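> The following block contains a protein sequence and its predicted model.
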Amino acid sequence: MGDMRLVVAGAAGRMGRALIQLIHETPGAVLCGALEREGSIALGQDAGLLAGCGQSGVEIVSDPLGVLVDADGVLDFTAPDATVELAALAAQARIVHVIGSTGLTSDHLAKIAAAARHAVIVRSGNMSLGVNLIAALVEKVARVLGSEYDIEIVEMHHRMKVDAPSGTALLLGAAAAKGRGIELDDHSVRARDGHTGARAFGDIGFATLRGGTVVGDHKVIFAGPGERVELVHKAEDRSIFARGAVEAALWGRARKPGLYSMIDVLGLAD
Ligand SMILES: NC(=O)C1=CN([C@@H]2O[C@H](COP(=O)(O)OP(=O)(O)OC[C@H]3O[C@@H](n4cnc5c(N)ncnc54)[C@H](OP(=O)(O)O)[C@@H]3O)[C@@H](O)[C@H]2O)C=CC1
Ligand SMILES: O=C(O)C1=N[C@H](C(=O)O)C[C@H](O)C1
């Protein structure tokens, strides 16, 4: 097999630029296409120059079909509607689709699952090794400590982030719920304001902070009788997500169609 030919969707975004830099540094991967939405001021620019890693010869374009047809995979850190559209096109082209976009609704997730019947999709709210390791630990801690330990998840991101709670917070919440043997949707508390009454037994609470340039901080708190257990992750650089995404694409190349997560890629499943 030759180098894996990768398209970056959202090429001019914070993650898009980190991905283009990382592909440039990764043996076995090569940038073959770069996408931005129609009307973007980035269209026509050289993707490598925009990302700060030198001329790549890859022009940023808006037509996905033209670039996907010549690719082995697409790295997609864009927005929910764009991701669902790309999932259908990547499935038609039978190429690997790595999805980092967050803020997906159950409707988006159902469409992604349908596309995964035809092609490999790796989706995760956080592609870093550290967060996925913490997620595995959260599941275990939730199982061991039991429901007299209240679970609260606190996250902080940069002021430009548009969705809340973060995909990572939801991933960590799902891990905690799995450890407890409950459904997150039935126990998730996303906001508290005014006279809320006492905390309900078994809730999993989420608190969202936004400000400055914070790349991504997450803390899972297990508050029990007389003690607290806290698991913390602090992202300092977007390259940790980009590294995970490129690793996922290379891993996905040898898989059968299906919907996978970073837990599968990193071999962290029990
Ligand atoms: N899973 C993970 O590990 C991580 C996930 N993320 C997630 O990735 C997503 C992007 O984050 P970030 O890079 O910070 O955001 P940015 O807003 O910086 O980048 C997103 C880019 O995608 C572009 N875009 C939107 N729609 C389309 C489309 N239809 N076709 C092509 N490009 C499109 C945007 O263009 P425009 O500005 O014109 O809308 C923008 O340039 C978010 O959902 C974020 O939460 C981020 C980091 C890590
Ligand atoms: O938007 C971001 O920046 C990030 N988004 C992801 C999330 O929603 O958890 C991952 C990371 O925390 C950065």
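On my side now, so go ahead. Ligands and ions are numbered 1, 2, ... in the order given.

> residues near the residue in the chain that ligand 2 sits nearest to, how many?
Ligand 2 sits closest to residue 216 of the chain, with a gap of 2.9 Å, by Cβ to the nearest ligand atom. C-beta here means a position set from N, CA and C on the backbone, and glycine is covered the same way. Residues within reach of residue 216, counting by other Cβ atoms under 10 Å, total 23.

> now residue 61
By other Cβ under 10 Å, neighbour count at residue 61 equals 20.

> Quickly note the distance from residue 61 to residue 88.
For residue 61, the distance to residue 88 equals 19 Å [Cβ to Cβ, to the nearest Å].

> right, and the residue of the chain closest to ligand 2 touches residue 165 too?
No - using Cβ atoms under 8 Å, residue 216 makes no contact with residue 165, being 11.9 Å away.

> This structure - how does it break down into domains?
With domains defined by the TED database, the chain comprises 4-123+238-266, 129-235.

> Go through those domains and pick out the most buried.
Mean neighbour count (mean count of other Cβ atoms under 10 Å) peaks for domain 4-123+238-266 among the domains of the chain, with a mean of 20.

> could the domains of the chain be laid out in TSV, adding mean pLDDT and distance to ligand 1?
Below are the domains of the chain laid out as TSV (pLDDT from 0 to 100; distance: least, Cβ to the nearest ligand atom, whole Å):
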stretch	mean pLDDT	distance to ligand 1
domain 4-123+238-266	98	2
domain 129-235	97	6
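
> Would you mind listing what in the stretch 151-270 of the chain touches ligand 2?
157, 161, 166-168, 216, 235 (Cβ under 6 Å from any ligand atom).

> so of those, which ones are in strands?
Judged by DSSP state E, these include 157, 216, 235 as members of strands.

> JSON lines for those, including distance to residue 76?
As requested, those are arranged in JSON lines below (distance: Cβ to Cβ, whole Å):
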{"residue": "157", "distance to residue 76": "19"}
{"residue": "216", "distance to residue 76": "18"}
{"residue": "235", "distance to residue 76": "19"}
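
> who touches the residue lying closest to residue 102 once chain neighbours are set aside in this structure?
What sits nearest to residue 102 in space, not counting adjacent residues and going by Cβ to Cβ, 6 or more residues apart in numbering, is residue 167, at 3.1 Å. Applying Cβ atoms under 8 Å, 6 or more residues apart in numbering to residue 167 gives the contacts 102-104, 124-126.

> Out of the residues you listed, flag the one nearest to residue 29.
Of all those, residue 29 sits closest to residue 124, with 18.3 Å by Cβ to Cβ.

> Any chance of the backbone angles for the closest residue to that closest one other than its chain neighbours?
Spatially, and ignoring its direct neighbours in sequence, residue 124 is nearest to residue 262 (4.1 Å; Cβ to Cβ, 6+ apart). Residue 262 adopts backbone torsions of phi -70, psi -20, taken as degrees, to the nearest 10.

> So residue 262 sits against residue 134, correct?
No - Residue 262 is beyond contact range of residue 134, at 11.8 Å (criterion: Cβ under 8 Å).
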